[in-house]
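Visitor: Okay, predicted coordinates and the sequence, questions at the end:
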Amino acid sequence: MQRREFIGMGGLAGAALVASTAAPGAAAAPRRRGTERSVVAPGGQLAVVTPNGSTLPWRQVGKVRVGHLIAGPLQHEFAPGLRAECWGYNGSTPGPTIEAVEGDRVRIYVTNRLPEATSLHWHGVILPSGMDGVSGLSQKPIEPGQTFKYEFTFRHPGTFMYHPHFDEMTQMALGMVGMIVVHPRAPRGPHVDRDFVLMTHEWRIRPGTRRPDPSEMTDFNVLTFNSKAFPGTQPLVVGKGERVRLRFGNLSAMDHHPIHLHGFSFKITATDGGAIAEAAQVPETTVLVPVGSTRTVEFVADNPGDWAMHCHMTHHVMTQMGHGVPNLVGADSQRIDDAVQKVVPGYMTMGQDGMGAMTEMNMPAPPNSLPMRSTPGPYAAIDMGGMFTILKVREDPDSEDGSGWYQPPPGTLADVASPGDLKADGIDPAA
């Protein structure tokens, strides 16, 4: 938001839609915890979980798996207090995750209920040219009301994506993205106990408006995992000692996302080009997910707690934060306040002492906006939003719904230092 927008609005401005697993285009409740861990591939490979999302249902017809994607407008909630008119597949953004096994023959019908033509590209999937989904180059556009048939074999395992290749700037900016997971026919590497899919994305939604701006190129103000901004992101609940796989995709318009996980190191095991040889895997705590790419990481969740996971571009963990304001850190604002309050009663300059406290002030904002609001945490407000979620490592993960907080054992919680501790260790805060 620019400063003129702030003054004009008189303040600082800044329940998931889940695709059906039974009928395309209809909403359904999320699958119950415990039913998500069904075996879907040889060697006991488990189904992937798409937090705040769903998986495309298949119908077996002979030796072919048949699915149906419906492109169309939808109402989407990014987080409580912020909704928008988006476009997506089967009633959601991102669309349902397409999950298959290496060698599967699939037939996917795509119905267009948009007001303009579209197409569907299978990003990273090796297939015949005529199935690649580039409108005008490899196929005719799918006109409104038409249904196209795509049929091909998933020849290679991996993590891929799908999106339109017609008016990409508009359609992807409005939410037409999705993930593809193809499990190997023969399992590779250690057995994985939890397998999550997370699509990163960026949006421009001006406070008080109801539609993302597809023409934006630089000032994105809503950053998401699976089209949710914190606190709308569903936590990832895993068991202590379990091996966890995280599959990240990025179909943002302009920005790469360095995703940082607290509490663990991991190894990057694959890209959308394929698996990385074990000898080439190095330990990391942050994985850079470039635009148009996927990255897969694995680790053992041996450190219990509530652990932040977020994009490390600091403005990507704020929601509807305005950037077009002067730097006031350290400024004496009293004279400014005295002058402006004569014209705008109640005016208060902000930012001269930092911006952290602003998230808890709950100042007036336009309807349907989520401007830098904090979220209640176990000890104080969590002032991050946007592309932020929580990995919750528990002794008994299947008994929890993700709403509870970790209780640190005695002696493992940072707190105010006592005078005795300061004296014993020779620390003088006034020095």
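Guide: Alright, I've got the coordinates. These figures come from a predicted structure and were not determined experimentally.

Visitor: what's near enough to touch D425?
Guide: Going by Cβ atoms under 8 Å, 6 or more residues apart in numbering, D425 touches no other residue. Where C-beta positions appear, they are placed from N, C-alpha and C, glycine not excepted.

Visitor: and what of N303?
Guide: With contacts defined as Cβ under 8 Å, 6+ apart, N303 is in contact with G263, F264, V393.

Visitor: Looking at neighbours, which among those is most surrounded?
Guide: Counting neighbours by other Cβ atoms under 10 Å, V393 leads the contacts of N303 with 23 neighbours.

Visitor: Check which helices and strands the helix or strand containing that residue sits against.
Guide: In this assignment (DSSP states H and E), V393 forms part of strand 388-394. When contacts are defined as 3 or more Cβ pairs under 8 Å, 6 or more residues apart in numbering; DSSP states H and E, strand 388-394 sits against strand 236-239, strand 305-311.

Visitor: one step back: between the contacts of N303, which is closest to S138?
Guide: Distance to S138 across the contacts of N303 (Cβ to Cβ) is lowest for F264, with 41.6 Å.

Visitor: wait, the closest one sits on P304?
Guide: No - taking contacts as Cβ atoms under 8 Å, F264 lies outside contact range of P304: 11.4 Å.

Visitor: average pLDDT for the longest strand seen in the chain?
Guide: Counting by DSSP state E, the longest strand found in the chain is strand 64-79. If you average the pLDDT over strand 64-79, you get 97.

Visitor: for it, which positions count as buried?
Guide: Of all the residues in strand 64-79, those buried under the rule 16 or more other Cβ atoms under 10 Å are 65-74, 76-79.

Visitor: helix/strand/coil for P115?
Guide: What DSSP: H, G, I helix; E, B strand; the rest coil gives for P115 is coil.

Visitor: That one and P144 touch, don't they?
Guide: Yes - using Cβ under 8 Å, P115 is in contact with P144, at 6.4 Å.

Visitor: Comparing the two, which shows the higher neighbour count?
Guide: The neighbour comparison of P115 against P144 (other Cβ under 10 Å) goes to P144, with 14 against 9.

Visitor: Chain neighbours aside, what residue packs nearest to P164?
Guide: Q171 (4.4 Å; Cβ to Cβ, 6 or more residues apart in numbering).

Visitor: picking up where we left off before, just name whatever secondary elements the longest strand of the chain is in contact with.
Guide: strand 59-61, strand 82-89, strand 105-112.

Visitor: before we move on, the earlier item: surely the residue nearest to P164 forms part of a helix?
Guide: Yes - with three-state DSSP as the criterion, Q171 is part of a helix.

Visitor: check contacts around it.
Guide: Residues in contact with Q171, defined by Cβ under 8 Å, 6+ apart, are W87, L114, T118, H163, P164.

Visitor: Report how many residues lie close to the first one.
Guide: Think W87. Residues near W87, counting by other Cβ under 10 Å, number 27.

Visitor: Leaving out the residues flanking it, which one is nearest to it?
Guide: Of all residues not flanking W87 in the chain, L174 sits nearest, at 4.0 Å (Cβ to Cβ, 6+ apart).

Visitor: Likewise for the fourth one?
Guide: Closest residue to H163 apart from its sequence neighbours, by Cβ to Cβ, 6+ apart: V177 at 5.1 Å.

Visitor: Now do the contacts for that neighbour.
Guide: Shown in contact with V177 (Cβ under 8 Å, 6+ apart): T93, P94, G95, M161, Y162, H163, M199, H201, G249, L251.

Visitor: which residue sits closest to the third one, ignoring its sequence neighbours?
Guide: Counting by Cβ to Cβ, 6+ apart, Y89 is the residue found nearest to G95 once chain neighbours are left out, at 2.9 Å.

Visitor: quick revisit: return the member of the contacts of V177 nearest to F225.
Guide: Within the contacts of V177, the smallest distance to F225 is 7.3 Å, found for M199 (Cβ to Cβ).

Visitor: Look up how far L328 lies from the most centrally placed residue in the chain.
Guide: The centre of the chain sits closest to F225, judged by Cα atoms, centre = their mean, with a distance of 0.5 Å. F225 sits 32 Å away from L328, going by Cβ to Cβ, to the nearest Å.

Visitor: what does K342 give?
Guide: From K342 to L328 the distance is 20 Å (Cβ to Cβ).

Visitor: remind me which residues of this protein are low pLDDT?
Guide: 1-36, 320-325, 327, 350-364, 372-373 (pLDDT under 70).

Visitor: Run through the helices of it in chain order.
Guide: If DSSP state H is used as the criterion, the helices of the chain fall at 3-9, 168-173, 334-340, 419-424.

Visitor: Export these as JSON lines, with columns for distance to Q234.
Guide: Below are those laid out as JSON lines (distance: least, Cβ to Cβ, whole Å):
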{"stretch": "helix 3-9", "distance to Q234": "31"}
{"stretch": "helix 168-173", "distance to Q234": "23"}
{"stretch": "helix 334-340", "distance to Q234": "42"}
{"stretch": "helix 419-424", "distance to Q234": "39"}
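
Visitor: among the ones you listed, which is the most enclosed?
Guide: Mean neighbour count (mean count of other Cβ atoms under 10 Å) peaks for helix 168-173 among the helices of the chain, with a mean of 19.

Visitor: T153: how many residues sit nearby?
Guide: Neighbours of T153 under the rule other Cβ under 10 Å: 16.

Visitor: Setting aside sequence neighbours, what's the nearest residue to it?
Guide: The nearest residue in space to T153 (Cβ to Cβ, 6+ apart) is R105, at 5.0 Å.

Visitor: if I read this right, the one you found contacts G62, doesn't it?
Guide: No - look at R105 against G62 with Cβ under 8 Å: they stay out of range, at 9.1 Å.

Visitor: Look at these two and report which has more neighbours.
Guide: Between R105 and G62, counting by other Cβ under 10 Å, R105 is the more crowded of the two (14 against 8).

Visitor: residue contacts, that one?
Guide: Counting by Cβ under 8 Å, 6+ apart, R105 makes contact with K63, V64, R65, E151, F152, T153.

Visitor: which residue packs closest to the fifth one, ignoring adjacent ones?
Guide: Nearest residue to F152, sequence neighbours excluded (Cβ to Cβ, 6+ apart): L127, at 4.1 Å.
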